[in-house]
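# Sequence and predicted structure below; questions after.
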Amino acid sequence: MPQTPPRLTLVLGGARSGKSAYAEGVIEACPGPWLYLATAQSFDAEMAERIALHRDRRGAGWRTRDVPLALPEALSEAQGPVLVDCLTLWLTNLMLAEADLAAASEALAAACRTAPGPVALVANEVGLGIVPENALARRFRDEAGRLHQRLARLADRVVLTVAGLPLVVKPGATP
Amino acid sequence: MPQTPPRLTLVLGGARSGKSAYAEGVIEACPGPWLYLATAQSFDAEMAERIALHRDRRGAGWRTRDVPLALPEALSEAQGPVLVDCLTLWLTNLMLAEADLAAASEALAAACRTAPGPVALVANEVGLGIVPENALARRFRDEAGRLHQRLARLADRVVLTVAGLPLVVKPGATP
Amino acid sequence: MPQTPPRLTLVLGGARSGKSAYAEGVIEACPGPWLYLATAQSFDAEMAERIALHRDRRGAGWRTRDVPLALPEALSEAQGPVLVDCLTLWLTNLMLAEADLAAASEALAAACRTAPGPVALVANEVGLGIVPENALARRFRDEAGRLHQRLARLADRVVLTVAGLPLVVKPGATP
């Protein structure tokens, strides 16, 4: 991990691949306070447990703001280091709310361009399995793939976490 | 992307990871005309839309030939730069037609060895999810994996696209 | 592949990505005899065929020991080069047996720390597809991800095989 993180980092990874821990490390390399923009909604016990686990791991120095939908607005208001965890749940929430995905993606890209940073975006890579039989799942991975490509173009640094380790897909400029 | 593409490039990637766009860039780096060997068959509206989208993105300078099954024959006749998009649908078509997969794989490998090139092969990486419950899907990812390994051995350059960016798995010789 | 393999190598990869062949090459680079710790259980014809295929590929010089559950014990008794193939089936067996996964993971980590080596561990990366609808499958990929992260921290070298080629995730020390 670079000592001074680049302005915009995209952290992709599979389930339980260490995405969030890596991204927390990126942001905690900067002076705090750190802002955690959380997109998870706890509909069930499994998700509630997962949210609590992530929250416990983050220590003092973190402020958390729940933004299941209004992520672009929150990111555009942020002043210091920000962790967005995660884009995958945000996209899920948007689809469940039947929101305008193109407009939301454009708003998030705009916020990424203007945020002073550093910003670390966490997202699940979901497109490397067999084509899902479920049409909604197919649409989801198409939308996720498009969003990731768009943000990867804007990002200074892109990594794919594998077993807790980062594979560098786009190296950040070393300042 | 190297200025002069190697003779044979294999572009693997997940859904919406930028495989086709990357491979188009490889071929368009050569003087045209460029041949597009298309394996997609539009059984439904979803696929028809996807085919139209890819076709619109490719500009003038491309000739398209539809080869849902006869890909090896078409590739062995090709004279200049060729994009094969994609091996995954070709394999799907072969399995639906109950074709001899071993013979088809051997014929494609032979065509890859003799094509003057440059040739770029696009394929979906489908083996990095949970084991599918569906036996046909399990067989499909086994066959796809075997085909990818065979072609990766022949290829000068292999990349895995992630969020539109290439992870180099096998670097091509720099001529 | 390094000439002298590091003490502990973790080989992750998708279905039919060449994980086992790569790991066999790592171990066969050392003087034999080589120990193969096999975790597969042949419940059906598909699995029996797969086991036979792997066994045929390995030549003389290999001793095989079947350890569907008692992998940590077998690894801690091993004296020379060892291939563990694979962690994914071991974890499956543990879950089917309703074993204590935390204790099993701790015992395997302890055996990895003390084995003289070289040891190569093979595992399927299963977390890069769409979230499974099946709760057991979701739990499986969570447990697999945690196990991989733990062993990746201990490993000197971690690779992700793609189409038979290794992407280096953690480079081993060059001795």
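In hand now; what should we look at? Numbers count the residues shown, from 1 in each chain, chains lettered A, B, ... in the order given.
# What is the least confident helix or strand in chain A?
Least confident helix or strand of chain A, by mean pLDDT, DSSP states H and E, is helix A:45-57 with a mean of 79.
# who touches the helix or strand just after that helix?
For helix A:45-57, the following helix or strand on the C-terminal side (DSSP states H and E) is strand A:62-66. The contact list for strand A:62-66 (Cβ atoms under 8 Å, 6 or more residues apart in numbering or on different chains) reads A:32-39, A:55, A:58, A:74. C-beta here means a position set from N, CA and C on the backbone, and glycine is covered the same way.
# Can you name the two of those residues that sit furthest apart?
For the contacts of strand A:62-66, the farthest-apart pair by Cβ to Cβ is A:Gly32 and A:Thr39; their separation is 21.1 Å.
# more crowded one of these two?
A:Thr39 (23 against 13; other Cβ atoms under 10 Å in any protein chain shown).
# Just want the most central residue of chain A.
What sits nearest the mean C-alpha location of chain A, by Cα atoms, centre = their mean, is A:Val122, with 2.5 Å.
# OK, contacts around that one?
A:11, A:13, A:19-20, A:23, A:83-87.
# Parallel or antiparallel, list what pairs with the host helix or strand of it.
Assigned by DSSP H and E, A:Val122 belongs to strand A:119-124. Strand A:119-124 pairs in its sheet with strand A:8-13 (parallel), strand A:82-85 (parallel), by DSSP bridges.
# any idea of the mean pLDDT in that strand?
The average pLDDT within strand A:119-124 is 98.
# So what's the gap between it and the chain middle?
2 Å (Cα atoms, centre = their mean, to the nearest Å).
# residues touching the residue lying closest to A:Leu35 once chain neighbours are set aside, list them.
Nearest residue to A:Leu35 in three dimensions, chain neighbours excluded: A:Val82, at 4.7 Å (Cβ to Cβ, 6 or more residues apart in numbering or on different chains). Residues counted as contacts of A:Val82 (Cβ under 8 Å, 6+ apart) are A:27, A:34-37, A:75, A:115, A:117-120.
# per-residue pLDDT, A:Val82?
pLDDT at A:Val82 comes out at 98.
# A:Val131 too?
Here, the pLDDT recorded for A:Val131 equals 93.
# next one: A:Asp156
pLDDT at A:Asp156 comes out at 97.
# ok, it touching A:Leu8?
Yes: here A:Asp156 reaches A:Leu8: they are 5.3 Å apart, a contact under Cβ atoms under 8 Å.
# Kindly confirm my reading that A:Ile27 forms part of a helix.
Yes: applying DSSP: H, G, I helix; E, B strand; the rest coil, one finds A:Ile27 inside a helix.
# can you pull the contacts of it?
Taking Cβ under 8 Å, 6+ apart, one finds A:5, A:34, A:81-83, A:118, A:120 in contact with A:Ile27.
# let's see 10 Å
A:5, A:9, A:34-36, A:58, A:61-62, A:80-83, A:117-120 (Cβ atoms under 10 Å, 6 or more residues apart in numbering or on different chains).
# In strands, which of the contacts of strand A:62-66 appear?
Of these, the ones assigned to strands by DSSP state E are A:34-38.
# Redo those as JSON lines? Include pLDDT and neighbour count.
Shown next, in JSON lines, are the ones in strands among the contacts of strand A:62-66 (pLDDT from 0 to 100; neighbours: other Cβ atoms under 10 Å in any protein chain shown):
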{"residue": "A:Trp34", "pLDDT": "96", "neighbour count": "21"}
{"residue": "A:Leu35", "pLDDT": "97", "neighbour count": "21"}
{"residue": "A:Tyr36", "pLDDT": "96", "neighbour count": "21"}
{"residue": "A:Leu37", "pLDDT": "97", "neighbour count": "22"}
{"residue": "A:Ala38", "pLDDT": "95", "neighbour count": "21"}
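# For chain B, state which of these is nearest.
A:Leu37 (19.9 Å; Cβ to the nearest Cβ).
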